[in-house]
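# Quick one, structure for this:
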Amino acid sequence: MDLAFIPSPSTGVVHLGPIPLRGYAFCIIIGVFIAVWLGNKRWIQRGGQSGTVADIAVWAVPFGLVGGRLYHVITTYEPYFGEGGDPIKAFYVWEGGLGIWGAIALGAVGAWIGCRRRGIPLPAYADAVAPGIALAQAMGRWGNWFNQELYGRKTDVPWALQITSDPAIGRVGGTYHPTFLYESLWCIGVAILVIWADRRFKLGHGRAFALYVASYCAGRAWIEYMRVDEAHHILGLRLNVWTALIVLVLALVYMVLSAKRSPGREAVVEPGADEPEDDAADGAGDGPADSPADDDAPADRTEDADRADDAGRAKDGAERTEDAEHTGNKKL
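So this is what the prediction gives:
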């Protein structure tokens with residue numbers, strides 16, 4: 001027995017009378033609250049109205065949960081529709097099994113519906129909520145800890161995860177790489193990266209969201225490669241490794257093409273919203289975005305034009321005065 005390891009909880013559910021309180025569900029719910037809270041703060045800084053992120057989340061979250069479950073069931077169909085499988089268990093979300101790829105894809109459809117109802121651009125909304133989604137994933141991964149699932153290869157490192165045996169599901173006890181922890185920490189780093197890059201370079205038109213997707217996929221590829229749970233393989237690599245690599249490339253291509261097609265950051269205007277806070281807070285040295293000098297240029301040009309008009313009027317008056325004096329001299 002190793003002297004140092006991360007223990008797993010003895011159970012992933014606590015019963016409050018007849019009501020089961022499941023750790024996996026709690027982690028998902030807490031993650032959603034974190035995403036909405038941070039997304040709301042960033043949306044207000046962009047010029048949006050408080051409460052908009054929560055209103056759209058009412059659409060995005062259910063769509064995301066359905067999409068995440070569909071992806072898991074489709075790519076891991078054997079326990080549900082294979083030989084001896086139970087189709088009813090496809091609805092047992094609390095037992096784990098939410099694919100982030102499906103959650104983001106279908107969640108984006110729900111967000112699109114919500115954005116259309118509010119009359120705001122989806123890319124701007126996606127940029128605002130991107131780091132919050134990464135933090136929600138960081139929190140959600142602890143649900144895998146409660147369920148003792150999705151761990152990596154056997155190891156004896158001090159931070160190894162202790163897994164208890166469960167012959168009923170074929171789980172072998174021992175100490176394994178805590179891939180849930182690796183991904184949780186990686187997602188926190190992704191959130192920090194997106195927040196920093198967004199402030200530094202004024203990312204817009206969905207590029208902050210694309211950066212989140214690309215940076216998450218970069219970490220997910222190597223973390224997924226360490227896992228030992230059952231998965232389909234293509235050319236020797238797990239399916240989700242291929243998915244991470246493909247989505248990573250697509251996100252990078254989008255960032256490049258978007259920057260060429262729509263440079264800068266789009267304005268966000270909602271009725272009743274305050275003025276954007278990020279430009280004033282971040283200052284003029286935050287990258288290639290429009291500087292305060294550019295913003296003040298129209299006002300400067302107006303003042304110059306006014307001074308030119310005043311000078312012209314003064315010159316005309318002086319000329320008329322000289323003409324009058326010249327005429328008077330002639331008469332004398």
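# Would you mind measuring from the residue lying closest to residue 204 once chain neighbours are set aside to residue 258?
Distances taken as Cβ to Cβ, 6 or more residues apart in numbering put residue 265 closest to residue 204, at 3.1 Å, once the chain neighbours are dropped. C-beta here means a position set from N, CA and C on the backbone, and glycine is covered the same way. According to Cβ to Cβ, to the nearest Å, residue 265 stands 11 Å off from residue 258.
# follow-up on the earlier one: who are the neighbours in contact with the residue nearest to residue 204?
202, 203, 204, 205, 289 (Cβ atoms under 8 Å, 6 or more residues apart in numbering).
# Closest one of these to residue 21?
residue 203 (39.2 Å; Cβ to Cβ).
# Check the gap between that closest one and residue 47 for me.
15 Å.
# Looking at those two, which one has more neighbours?
The neighbour count for residue 203 versus residue 47, taken as other Cβ atoms under 10 Å, is higher for residue 203 (24 against 19).
# Spit out the contact partners of the more buried one.
Per Cβ under 8 Å, 6+ apart, neighbours of residue 203: 127, 197, 211, 265.
# Surely the second one and residue 212 touch.
No: shown here, residue 197 and residue 212 do not form a contact pair, counting by Cβ atoms under 8 Å, at 9.6 Å.
# Low-confidence ranges, the stretch 51-200 of the chain, go.
Counting by pLDDT under 70, the stretch 51-200 of the chain contains no low-confidence segment.
# Just flag the most distant two among the contacts of residue 203.
Farthest-apart pair in these is 211 and 265; separation 13.4 Å (Cβ to Cβ).
# and residue 238, what pLDDT?
Per-residue confidence (pLDDT) for residue 238: 95.
# Tell me what it is bridged to.
residue 233 (DSSP bridges).
# residue contacts, it?
224, 225, 227, 231, 232.
# Restricted to strands, list those.
Judged by DSSP state E, the subset of those located in strands is empty.
# anything in contact with each of residue 265 and residue 258?
In contact with both residue 265 and residue 258: residue 205, using Cβ under 8 Å, 6+ apart.
# Surely residue 130 touches residue 215?
No: counting by Cβ under 8 Å, residue 130 stays clear of residue 215, with 10.0 Å between them.
# Buried ones only from the contacts of residue 238, please, as a ChimeraX command.
The following ChimeraX line selects those of those that are buried, judged by 16 or more other Cβ atoms under 10 Å:
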select :224,227
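# Reformat the contacts of residue 238 as CSV; add pLDDT.
Listed next are these as CSV, based on pLDDT from 0 to 100:
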residue, pLDDT
224, 95
225, 94
227, 95
231, 90
232, 92
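# Redo the contacts of residue 238 as TSV? Include distance to residue 238.
Shown next, in TSV, are the contacts of residue 238 (distance: Cβ to Cβ, whole Å):
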residue	distance to residue 238
224	6
225	7
227	7
231	5
232	7
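# which one among the contacts of residue 238 gets closest to residue 134?
For these, the nearest to residue 134 is residue 224 (16.6 Å; Cβ to Cβ).
# Residue 196 - how many residues pack around it?
11.
# now it, what's its secondary structure?
helix (DSSP: H, G, I helix; E, B strand; the rest coil).
# Pull the contacting residues for the closest residue to residue 26 other than its chain neighbours.
Once flanking residues are discounted, residue 26 sits nearest to residue 143: 7.7 Å by Cβ to Cβ, 6+ apart. Residue 143 makes contact with 23, 24, 25, 26, 27, 28, 96 under the criterion Cβ under 8 Å, 6+ apart.
# so the third one is in which element?
In other words, residue 25. Per DSSP states H and E: residue 25 is located in helix 23-45.
# Kindly export that helix (C-alpha atoms) in CSV.
Extracted C-alpha coordinates of helix 23-45, given in CSV (Å, rounded to 0.1, in the frame of the first residue of the first chain):
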residue,chain,number,x,y,z
GLY,A,23,-21.9,14.2,-6.0
TYR,A,24,-21.7,14.1,-9.8
ALA,A,25,-24.9,16.1,-10.1
PHE,A,26,-23.7,18.6,-7.5
CYS,A,27,-20.5,19.2,-9.4
ILE,A,28,-22.4,19.8,-12.6
ILE,A,29,-24.8,22.3,-10.9
ILE,A,30,-22.0,24.2,-9.2
GLY,A,31,-20.2,24.4,-12.5
VAL,A,32,-23.2,25.9,-14.2
PHE,A,33,-23.5,28.6,-11.5
ILE,A,34,-19.8,29.4,-11.9
ALA,A,35,-20.2,29.8,-15.6
VAL,A,36,-23.2,32.0,-15.4
TRP,A,37,-21.7,34.2,-12.7
LEU,A,38,-18.5,34.8,-14.5
GLY,A,39,-20.2,35.1,-17.9
ASN,A,40,-22.5,37.7,-16.5
LYS,A,41,-19.6,39.9,-15.2
ARG,A,42,-17.8,39.6,-18.5
TRP,A,43,-21.0,40.4,-20.5
ILE,A,44,-21.6,43.5,-18.5
GLN,A,45,-18.0,44.6,-19.1
